[in-house]
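Enquirer: Sequence and computational prediction follow.
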Amino acid sequence: MTATLTSTLKVTESITSDPAPQLQFIPDSGNLYPKLPEKFSKTAVEVWLFDAMAAGGQTAFTVSFVRDVLTAPAGFRIQVNATWPDGTKWSNPLIFPESVIMSEGPDPGRGRVVGVWRTDKNNSKAGFDVAADLSTSVVTFDVPGKITGTLTHKSLGYPCLPKTAKEAQMAPDAYWMRPIAIADATVDITFYSTTPDGETTSRRMVIDKGHRATGGIDRSWEPMPWTKVMTDSYFLRAKAGPYVMQVMRLIGRPEQNYELYATARLYREGKLVCAPLKAVQADDIATYKGDEDVLAVEKLYEGEGVPAVFRHKNVGCRIKFRSGGPNGQQWSFEARHYRAWWSKPSSPPGPNATGHAGFVVSVIGGQSDLAESFRGWGIAGQVDMPE
């Protein structure tokens, strides 16, 4: 039996200071239907992230559909970031007063999910459409004078759905998962800008099948803002030779003794070889003997790479995976900042200023005991928050 569930939030009516009813995590599901479908708590955040990168790493696109209060009372935001081979960047938020998400299927966890952020008159909108079996997704922009076009995904079928809530958690009460781990991707989007003289210019991004682009979907929800959870985070989606990796690592607040949190996946030729839900210090991973898969992220300050503009000034990160058990395998990759992409401060200016920054990264690495050195590209983001 098919039913339609609809979550409609209006920024002027749906935000509450009280705790809002929350739907539970659903095992073996993309969990794409909102967890706060009726009212939205002032402190909560829900995100639907879609991206694409050409195989050569020079052209990339990412968009996050967000439900939170950051841009209230103007509306709910969509953050769009694009970059071209010549280094041109387009990074802008789109703000809409209404967000509507529908699920068409037997239950909220197993239906086609369609979302749209729109104006009251529906004459400007952007949204996504994800198939019930998570085989495809389409993101569509219809915002005249700002952005028009589509991003498509066709899943490659990598195993990715968590079977338990614990597998989906990146930190206490904070969830991060990947409904489509990796997909063939295409982009045909036109971006519009206004010059200081008031002239409107446009640039089109086309990533077709010949670019052998890949991408995916990330989905997260948290009952509280990240400023309450972390001082540092690192996000990576990358491909190098037969490897595909996805990383989200957090460092907790001082009052949490800077506790480390992680959710990550490492695939080789479509097979999941390491799925850490635990982070350790980089110096400890080689001697780790526990039964759990673990991850370590270490900032790099020397060698090639564009320095980050905020507190750490690192030129990239070294990411290490280790599978569980006394004879666990190890993999190591360097993701160096090839091109600065987007940035936004989270503190006043100064030598220790903090903020959000994104990069196109060049990646090299593989299995450590085989001395593999596969090369590839990825999208990385790091966030520093004031302590």
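Expert: All right, it came through fine.
Enquirer: any idea where the helices of the chain begin and end?
Expert: 165-168 (DSSP state H).
Enquirer: which strand is the longest one in it?
Expert: Counting residues, the longest strand found in the chain (DSSP state E) is strand 174-194.
Enquirer: Check which residues of that one are buried.
Expert: 174-187, 189, 191-192 (16 or more other Cβ atoms under 10 Å). For every residue, glycine as well, the C-beta is placed using N, CA and C.
Enquirer: again, but for stretch 347-357
Expert: Buried-residue list, stretch 347-357, by 16+ other Cβ under 10 Å: 354-357.
Enquirer: just to revisit the earlier point, the longest strand of the chain pairs with which strands, and in what direction?
Expert: strand 147-155 (antiparallel), strand 169-171 (antiparallel), strand 200-207 (antiparallel), strand 214-222 (antiparallel) (DSSP bridges).
Enquirer: which residues of the stretch 51-200 of the chain fall in strands?
Expert: Using DSSP state E, counting those that start in this stretch, the strands of the stretch 51-200 of the chain run over residues 60-67, 76-83, 89-96, 98-105, 112-118, 125-130, 136-143, 147-155, 169-171, 174-194, 200-207.
Enquirer: so which of those strands gets nearest residue 232?
Expert: Among the strands of the stretch 51-200 of the chain, the nearest to residue 232 by Cβ to Cβ is strand 169-171 (12.4 Å).
Enquirer: I'd like the mean pLDDT over that closest one, please.
Expert: For strand 169-171, the mean per-residue pLDDT is 90.
Enquirer: quick one: low-confidence parts of the stretch 1-150 of the chain?
Expert: Where the stretch 1-150 of the chain drops to pLDDT under 70, the residues are 1.
Enquirer: no wait, the stretch 201-350 of the chain
Expert: Those would be 227, if you go by pLDDT under 70 across the stretch 201-350 of the chain.
Enquirer: if we can go back for a sec, in TSV: the strands of the stretch 51-200 of the chain, plus distance to residue 240.
Expert: Formatted as TSV, the strands of the stretch 51-200 of the chain follow (distance: least, Cβ to Cβ, whole Å):
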stretch	distance to residue 240
strand 60-67	15
strand 76-83	19
strand 89-96	24
strand 98-105	34
strand 112-118	31
strand 125-130	27
strand 136-143	24
strand 147-155	20
strand 169-171	23
strand 174-194	13
strand 200-207	19
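Enquirer: Of all the ones you listed, which one is nearest residue 265?
Expert: Residue 265 lies closest, by Cβ to Cβ, to one member of the strands of the stretch 51-200 of the chain: strand 174-194, at 6.6 Å.
Enquirer: so how far is the closest one from its chain's centroid?
Expert: 9 Å (Cα atoms, centre = their mean, to the nearest Å).
Enquirer: And stretch 353-373, by the same measure?
Expert: 16 Å.
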